[in-house]
Every structure is written in structure tokens, then in C-alpha cells.
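Engineer: Generate a structure from the sequence data that follows.
(one chain, ligands or ions: 2)
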Amino acid sequence: MSNTPGIAITGASGRMGQMLIGQVFANDRVRLVGAVERTGHPWVGQDVGVAMGGAALGVIVTDDAHAAIAPAQAVIDFTAPEATLGFAAIAAQAGTVHVIGTTGMTDAQIAQLEPASHQAVIVRAGNMSLGVNLLTQLTKRVAAALDEDFDIEIIEAHHNQKVDAPSGTALMLGEAAAEGRGVALADVSDRGRDGITGARKRGDIGFTAIRGGDIVGEHDVLFAAAGERITLRHVASDRAVFARGAIKAALWGQGKTPGQYDMLDVLGLND
Ligand SMILES: NC(=O)C1=CN([C@@H]2O[C@H](COP(=O)(O)OP(=O)(O)OC[C@H]3O[C@@H](n4cnc5c(N)ncnc54)[C@H](O)[C@@H]3O)[C@@H](O)[C@H]2O)C=CC1
Ligand SMILES: O=C(O)C1=N[C@H](C(=O)O)C[C@H](O)C1
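Structural biologist: Ligands and ions are numbered 1, 2, ... in the order given. Got it, this is the predicted structure:
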């Protein structure tokens, strides 16, 4: 039996699913042991490598998440909120590390992860890249250094198939800015301006979402005051950065105490 952690990938046919399968297969510190798609998906029953248009990888895509997760030491999950809640219960039962990249979860859905985190390690982040996680720390510092004379705006841009807004990353950056300012994001968040909105409220943190073409993911944190502006920016041009972060999280989670963690824990960036 191999000591190399086995990884199951959910949402195998998705943009991130396919990227993850390629990255897991190319990484000799992990091995692919499972690939899950939703019931009725045309990939179910096919070898995942063949379904992706390449050589067979010896892993058949299944809609039976229990069967795919059972032999795995970690499940990497970039799917949709309801699906992720189901996978959390299965990973908890199996004691498998659950790396969650899925965004768009409501507060109530996030709270539903709590029971699973008593039985298994959950690493969840709206963005798994090193660059964005570093940017959250920079955002917190800059927000702490500046007063409310500086308006904070978060502008994100993504491809035209993205279904949630603001992005998970934008919300992470908003949380970081609010933390830096010593306020709760829920009290100052300004989303979806339209029509006669009135002047901007001092202290608010605003969000703008752009959707178009094949943009992988771009995030600006703007600090705008009278006479000067600072912009902190991250641009992702390759989804591999998210996949590599997720694999890092899957390896980091091995042997850790059950609980909920994020990428700052994985990357050692928590201050
Ligand atoms: N945290 C991070 O670093 C990143 C997070 N994301 C997030 O990951 C999620 C997926 O993004 P994409 O890959 O672009 O979306 P996508 O739509 O290309 O892929 C989602 C896949 O999940 C599958 N799926 C949905 N329900 C399922 C179920 N019950 N069982 C099995 N498979 C199921 C779909 O069939 C689809 O193949 C989104 O929430 C996105 O925001 C995306 C990139 C980076
Ligand atoms: O849906 C995407 O594509 C992405 N989603 C994540 C988010 O919501 O922030 C991360 C990345 O920006 C790509």
C-alpha cells in the first residue's frame, strides 16, 4: 500500500476539476484515487483522462461520492454550495481531509459545516493562491494604517460563467479590510449600487463585480482619499495557482486535529 496521500476530486469535469486532475497527476507527492461528477453527467462511467480528451488515468468518474472518497486521504472540492455540504458529511464520516474551494456559500451554509469539522479537517478558502492570501494580510495592514478619509472599494473581475457575486476572494478581502479597521464587514458592506443611491457613506466598504469573457480572476482593493489613491492588485492568469494551493492544503491537513482551517493556516501567514 502506498504512503502517498490519495486524492479524490469532486466536480471533475469543471474548470477547476480538470485543472486539479492535471495538477494532481503531475505531482508525485499525491495520487489521484477518485473523480466525482453529478448524477446524469456524461462523464460518469468514463475514465477521467479519456473524458478530458487524453490518455486513460485509471480512475473512473463516478456519481457515488461515498465510493470515491472512501479510499482517499483528502477530497478536493470546487463545486457548488449544496454539493459541498453533502461532501462535507461524507468526508467527516470517512475522516478524510476536505479542502473546500467552493464559493457563494451563505452564512447559514457555512454554519452547517461545523458538525463535520468535529470529525475531519476542513480547509476552506475563497481563494487558494499564495498571492491572494498574502494580499489579504497587506489589505488588513493598509486598512489599519489609514482612517476613514480613505474610502475602501473592492473591484473584482471574472469570466462570464461565474455564478456568484461578489467573489469569494472579494469577500475575503472585504473581511480583511474590515478587520484592519476594527469593524464588522456586515455593518459597513455596500453591495449592488443602482439608481439614486445617495452619496457614499463614510466608512463603508464597497464591492463591484465585473463579468466577461475568460477572465480567470482579478481583484483590486482601492483606498481612495481626497488627492491620492492606493490600489492593491492581484491578477490570476492561470487556474493552476488555485489547484496547487488546494493540493498544498490537502497535504498540510494530513494528521492535523479535526477543525476548520483556512489557507493562512496552510501557508503560515496568520499573524
Ligand atoms: N477557492 C479558490 O481558489 C477558487 C474557487 N473557485 C470556486 O470553485 C467553484 C467551481 O468553479 P468552476 O470549476 O469554475 O465551476 P464549474 O461550473 O466549471 O465546475 C463545477 C463542477 O461541479 C460539478 N458539480 C456540481 N454539483 C455537483 C454534485 N452534486 N456532485 C458532483 N459534481 C457536482 C458540476 O457538474 C461542474 O462540473 C466555484 O464556486 C468557484 O467560485 C474557483 C476557482 C478558485
Ligand atoms: O469562480 C472562479 O473562477 C473563481 N472563484 C473564486 C472566487 O470566487 O473568488 C476564486 C477565483 O477568483 C476564481
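
Engineer: Measure how buried residue 191 is and give me the count.
Structural biologist: For residue 191, the neighbour count with other Cβ atoms under 10 Å is 16. For every residue, glycine as well, the C-beta is placed using N, CA and C.

Engineer: Spatially nearest residue to it, not counting backbone neighbours?
Structural biologist: residue 207 (4.8 Å; Cβ to Cβ, 6 or more residues apart in numbering).

Engineer: Show the pLDDT at that neighbour.
Structural biologist: The score at residue 207 is 98. That number is its pLDDT.

Engineer: Which neighbouring elements make contact with the helix or strand where residue 250 lies?
Structural biologist: Element membership for residue 250 (DSSP states H and E) is helix 240-252. Contacts defined by 3 or more Cβ pairs under 8 Å, 6 or more residues apart in numbering; DSSP states H and E place helix 240-252 against helix 15-25, strand 74-77, strand 97-100, strand 121-124, helix 130-145, helix 263-267.

Engineer: quick one, that helix and helix 130-145 angle?
Structural biologist: Orientation check (axes from the mean of the first three to the mean of the last three Cα atoms, to 10 degrees): helix 240-252 against helix 130-145 gives 90 degrees.

Engineer: For this structure, just list every one of the strands.
Structural biologist: Secondary structure of the chain, counting by DSSP state E: strands at 6-10, 31-36, 61-62, 74-77, 97-100, 121-124, 151-158, 189-191, 205-211, 217-225, 228-236, 259-261.

Engineer: want to try JSON lines for the ones you listed, with distance to residue 253 as columns?
Structural biologist: Formatted as JSON lines, these follow (distance: least, Cβ to Cβ, whole Å):
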{"stretch": "strand 6-10", "distance to residue 253": "11"}
{"stretch": "strand 31-36", "distance to residue 253": "16"}
{"stretch": "strand 61-62", "distance to residue 253": "23"}
{"stretch": "strand 74-77", "distance to residue 253": "6"}
{"stretch": "strand 97-100", "distance to residue 253": "4"}
{"stretch": "strand 121-124", "distance to residue 253": "4"}
{"stretch": "strand 151-158", "distance to residue 253": "27"}
{"stretch": "strand 189-191", "distance to residue 253": "31"}
{"stretch": "strand 205-211", "distance to residue 253": "30"}
{"stretch": "strand 217-225", "distance to residue 253": "24"}
{"stretch": "strand 228-236", "distance to residue 253": "23"}
{"stretch": "strand 259-261", "distance to residue 253": "7"}
